[in-house]
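Peer 1: sequence and predicted model, in that order:
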Amino acid sequence: MIRWKGLIAFAVIAGLIMLFNFLFLDHIIKGIVEDQASLAVGARVDIGDLKTSLFGLGVEIRDLQVTNPDQPVRNAVQIGSMAFDLAAAPLLKKKVVIERMNVKDLAFGTPRKESGALPRRIQKKLEVKGKAVGVEAEKRIEDCVLPDFTKLTDLKKRSAEELLAGVSLQSSAFIVDYQKKVATIKTTWEKRLAALPTQETIEKDVKALQNLKGQRPKDVTQLPAYLEKVNNLQQKMKETTKILTDTQKEFQSEMGGLKSSLKEVEKLKDQDLKTVMGKMGIAVPSSMDLLCVLLGKDISQKVNQGIAWYRKLGTFMSSGKPKDEKQKPTAKPRLKGVDVQFPITHGYPDFLLEQADFSILPGKENRKQEIFAFNRLAGQLRGLTTQPSLYNKPTTFRLEGALAGNVAKELTFSGEIDHRTELVNDRLNLNIKELNIERLGIQKKESPLQLASGILNINGSLGAQKEALKGQVTVNVLNPKIVAGATALILADLFKNMGSFDVTVTIGGTLDQPSLTLSSNAEKILASGLENIIQTQLKGIQDDLKKMIASRVDKDFNAANVETIALEKLIQGGLSSRLSSVSLTPAAVPSKEKKGILKLFN
Amino acid sequence: MIQQVISLIRLMHSDKDPRQIALGFALGMIPGLTPFTSLHNILVLLVLLFIRANISAAILSWAVFSLLAFALDPLFHHFGLFLLMGISSLQGVWTSLYNAPLIPYTKFNNSILMGSLIFSLLAFYPVYRGGKMMVTKYRETFMERFNRLKIVHVFRASHLYKWYSRYSQLRGG
């Protein structure tokens, strides 16, 4: 039944596969590692050379470059070489266990020869995975800017009239509206005045009543008719008096409101001044804005990058479940099913790096600007695993060294990442002693304020418990030399004799929404100096603008005042003269004292 | 593929054992229904090469069942998930296999692979039996009728057939 030809064919196929692997396996593994690492990091990962030895299960990687996702022309990390052996027994169980790894030549911020933008196919996979590549921190520090102070100098050259050209003033608009209102009120009240009893009518009625006073009938039979006539006339006069008094009160109240609204003009003039200054881009910054632009922005960007990398580590080292608990199936795209994860009852986690030793190749120091490369490096990383609960030890690391080119005397980066239980408890510490800004050579051409030289001592710590973040980064700046850019030249004097100072970024919030706040011991000193500069610079412009606004508004304001007085005089005069005519009405008071005789008038 | 179909027709018309054709067809069904790049398919290939099963039938079967698998994958997924997670008495077995050497490389914990592999193993014997019966039946009843068909005569007289026959003879077929 055995087909010998088939057996030979199988042997040939197997031989060909082995030959293919022998010739191309390294290249295939290199491609797979690059793709998988790029997917995990969310940034392009390149490997210069990868060699495997199948019998010793050894791997050697040279020139590993991990692109900075925020700056594709630079590497976040570059490793000269790393070599390790895979443990054979766990590999049979599909577990990658590296007992010892040697990492040599570690550098940060190295420039790339070609762009590190992710290839389209990886980008698509990342979109499918829906992972957040970066962290958006609180906007305040990230977005701090300074106004363009050169505008002040330009403004000083221009007249206030020129600056106000084409600007519509609220105070002017208010007075125009006010004048329209006065005209409307005048028309309304003129109509109302016309509808009231006229002066002539009132005087006629008063006269008629006075005449009646002397026409008292002697015949008693005519008395009731006489009295009725007197009463009617008196009633009419009472009603007229009431109407006139009520109308006068109403008018006085309306005029009171109108007059008090005119007081708003002064407030609106101040408002106009602020608006005009604001429109000209003169938003006065605070001293913290200055410190933010100088250092805070950079520190918070670095903190954000650190948090973003920490988040990536979190997705790799998911917080643990108990050893015998089943994990949720990993969903795969349609037609690929799902992978059910069964408990690992004994043995190793799926991935484990037991120990990595860091060092540098001796005699190698070719540092360019803006690169954090080491000339002395020693350190270890222990227990990096995808299943910390199974490994049951926290991941710890400590790197100590000095930066090449005397950029920093000492750099220590250490931490403990404990994801053994769901109660994540991680702590990262970074200490950099005597970081020389001038030697580092960071130049921010676009920044209005630059720390041209100075020695920085940086102390940073970040703690994470579950999702909550807590930490701070303190930068102690010694002997600072601060250069003001073209847009902030007026601030040059402010920093001329600036002594040592601290800037602290406090980290709070959660992993998804970190919040950063900035504080500094230089805040008060800078605040008073800045106030003086701004006051000196703005005072002349402010006064000129104030005068110009007043000259535009005051003419109309006076006219409006005159119109108001005229209206008051007209209406109030009309009402007062009618009321004084009414007041001449003789009062009729029936007398109870003299029986039989009716006293009608006083 | 055309060559394989013609080979199969020739095979059906030859005096070769129907069991070989049926076995090839049944074995071809396994890589057809299950994900192709799985470790167990190497075993299927080994069996195909080592025992006297018909390779043409296996290739045709693989092609037919691969098309069928596209439609059946959702069912395989549910079936596999039920086997992996739904039966509590099997959890111990799966866990042991998951922790055993080499077995994790078979990807047995994938729902579609588990569903389709178990389905194809269950269907193996019925497919083999059905195939053998069909070949026998074909030879007994339809082969004569088929040979008498005008279109077959026309085809056999055609240049294409003559060319193919000459090519097959040169290959030693």
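Peer 2: On my side now, so go ahead.
Peer 1: pretty sure residue A:545 contacts residue A:276?
Peer 2: Yes. With contacts counted by Cβ atoms under 8 Å, residue A:545 reaches residue A:276, the gap being 5.9 Å. From N, CA and C alone the C-beta is placed, and that goes for glycine too.
Peer 1: can you tell me how far the closest residue in space to residue A:174 that isn't next to it in sequence sits from chain B?
Peer 2: Counting by Cβ to Cβ, 6 or more residues apart in numbering or on different chains, residue A:268 is the residue found nearest to residue A:174 once chain neighbours are left out, at 5.5 Å. Distance, residue A:268 to chain B, using Cβ to the nearest Cβ, to the nearest Å: 71 Å.
Peer 1: average pLDDT for stretch A:388-401?
Peer 2: Mean pLDDT, computed over stretch A:388-401, is 90.
Peer 1: show me the strands in the stretch 251-400 of chain A, by range?
Peer 2: A:330-331, A:338-339, A:351-359, A:372-385, A:395-403 (DSSP state E, counting those that start in this stretch).
Peer 1: that older thread, ok, now which ones touch the residue nearest to residue A:174?
Peer 2: A:169, A:170, A:171, A:174 (Cβ atoms under 8 Å, 6 or more residues apart in numbering or on different chains).
Peer 1: how about 6 Å then?
Peer 2: By Cβ atoms under 6 Å, 6 or more residues apart in numbering or on different chains, residue A:268 lies in contact with A:170, A:171, A:174.
Peer 1: next one: the nearest residue to the first one once chain neighbours are set aside relative to residue A:541, how far apart?
Peer 2: Computed as Cβ to Cβ, 6+ apart, the closest residue to residue A:170 that is not its neighbour in sequence is residue A:268, at 4.8 Å. To residue A:541, residue A:268 is 20 Å away according to Cβ to Cβ, to the nearest Å.
Peer 1: could you do residue B:44 as well?
Peer 2: For residue B:44, the distance to residue A:541 - Cβ to Cβ - is 88 Å.
Peer 1: below-threshold pLDDT in chain B: ranges please.
Peer 2: Low-confidence segments of chain B, defined by pLDDT under 70, span residues B:1-4, B:168-173.
Peer 1: now do the contacts for the most centrally placed residue in it.
Peer 2: Closest residue to the average C-alpha location of chain B: residue B:28 at 2.1 Å, with Cα atoms, centre = their mean. Shown in contact with residue B:28 (Cβ under 6 Å, 6+ apart): B:58, B:61, B:62.
Peer 1: next, count neighbours for the last one.
Peer 2: Read that as residue B:62. 23 (other Cβ atoms under 10 Å in any protein chain shown).
Peer 1: how much space between it and residue B:69?
Peer 2: 10 Å.
Peer 1: check residue B:25 too.
Peer 2: 16 Å.
Peer 1: between the two, tell me which one has more neighbours.
Peer 2: residue B:25 (28 against 22).
Peer 1: send the alpha carbons of the particular helix or strand that has the more buried one in it over as PDB?
Peer 2: In this assignment (DSSP states H and E), residue B:25 forms part of helix B:18-33. The C-alpha trace of helix B:18-33 is given here as PDB (Å, rounded to 0.1, in the frame of the first residue of the first chain):
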ATOM      1  CA  PRO B  18     -12.700   2.800  -6.700                       C
ATOM      2  CA  ARG B  19     -11.400   2.900  -3.100                       C
ATOM      3  CA  GLN B  20      -8.300   4.800  -4.200                       C
ATOM      4  CA  ILE B  21     -10.500   7.500  -5.800                       C
ATOM      5  CA  ALA B  22     -12.800   7.700  -2.900                       C
ATOM      6  CA  LEU B  23      -9.900   7.900  -0.400                       C
ATOM      7  CA  GLY B  24      -8.300  10.700  -2.400                       C
ATOM      8  CA  PHE B  25     -11.600  12.500  -2.500                       C
ATOM      9  CA  ALA B  26     -12.200  12.100   1.300                       C
ATOM     10  CA  LEU B  27      -8.600  13.100   2.100                       C
ATOM     11  CA  GLY B  28      -8.800  16.200  -0.100                       C
ATOM     12  CA  MET B  29     -11.900  17.300   1.700                       C
ATOM     13  CA  ILE B  30      -9.900  17.900   5.000                       C
ATOM     14  CA  PRO B  31      -7.600  20.700   3.700                       C
ATOM     15  CA  GLY B  32     -10.500  22.000   1.700                       C
ATOM     16  CA  LEU B  33     -12.800  22.500   4.700                       C
END
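Peer 1: now residue B:134. Nearest residue, chain neighbours left out?
Peer 2: residue B:22 (7.9 Å).
Peer 1: what about that neighbour, how many residues nearby?
Peer 2: 24.
Peer 1: residues contacting it?
Peer 2: B:128, B:131, B:132.
Peer 1: swap in residue A:206?
Peer 2: A:584, A:585 are the contacts of residue A:206 under Cβ under 6 Å, 6+ apart.
Peer 1: equivalent analysis for residue A:44, please.
Peer 2: Here residue A:44 is in contact with A:38, A:67, A:116, A:118 (Cβ under 6 Å, 6+ apart).
Peer 1: please redo it, this time with the cut-off set to 8 Å
Peer 2: A:38, A:66, A:67, A:72, A:116, A:117, A:118, A:119, A:122.
Peer 1: give me the number of neighbouring residues for the third one.
Peer 2: In terms of burial, residue A:67 registers 25 neighbours under the definition other Cβ under 10 Å.
Peer 1: if we can go back for a sec, the helix holding residue B:25: how far from the chain's middle?
Peer 2: Put simply, helix B:18-33 sits 3 Å off its chain's centre (Cα atoms, centre = their mean, to the nearest Å).
Peer 1: tell me which helix or strand comes right after that helix.
Peer 2: Counting by DSSP H and E, what follows helix B:18-33 is helix B:40-50.
Peer 1: assign the residue in the stretch 401-550 of chain A that chain B sits nearest to to helix, strand or coil.
Peer 2: Per Cβ to the nearest Cβ, residue A:420 is where the stretch 401-550 of chain A lies closest to chain B, at 20.2 Å. What DSSP: H, G, I helix; E, B strand; the rest coil gives for residue A:420 is coil.
Peer 1: pretty sure it is touching residue A:388, no?
Peer 2: Yes. Here residue A:420 reaches residue A:388: they are 5.0 Å apart, a contact under Cβ under 8 Å.
Peer 1: next one: the helix or strand residue A:187 falls within to chain centre, how far?
Peer 2: Here residue A:187 sits within helix A:170-195, counting by DSSP H and E. Centroid separation for helix A:170-195 versus its chain: 46 Å, with Cα atoms, centre = their mean.
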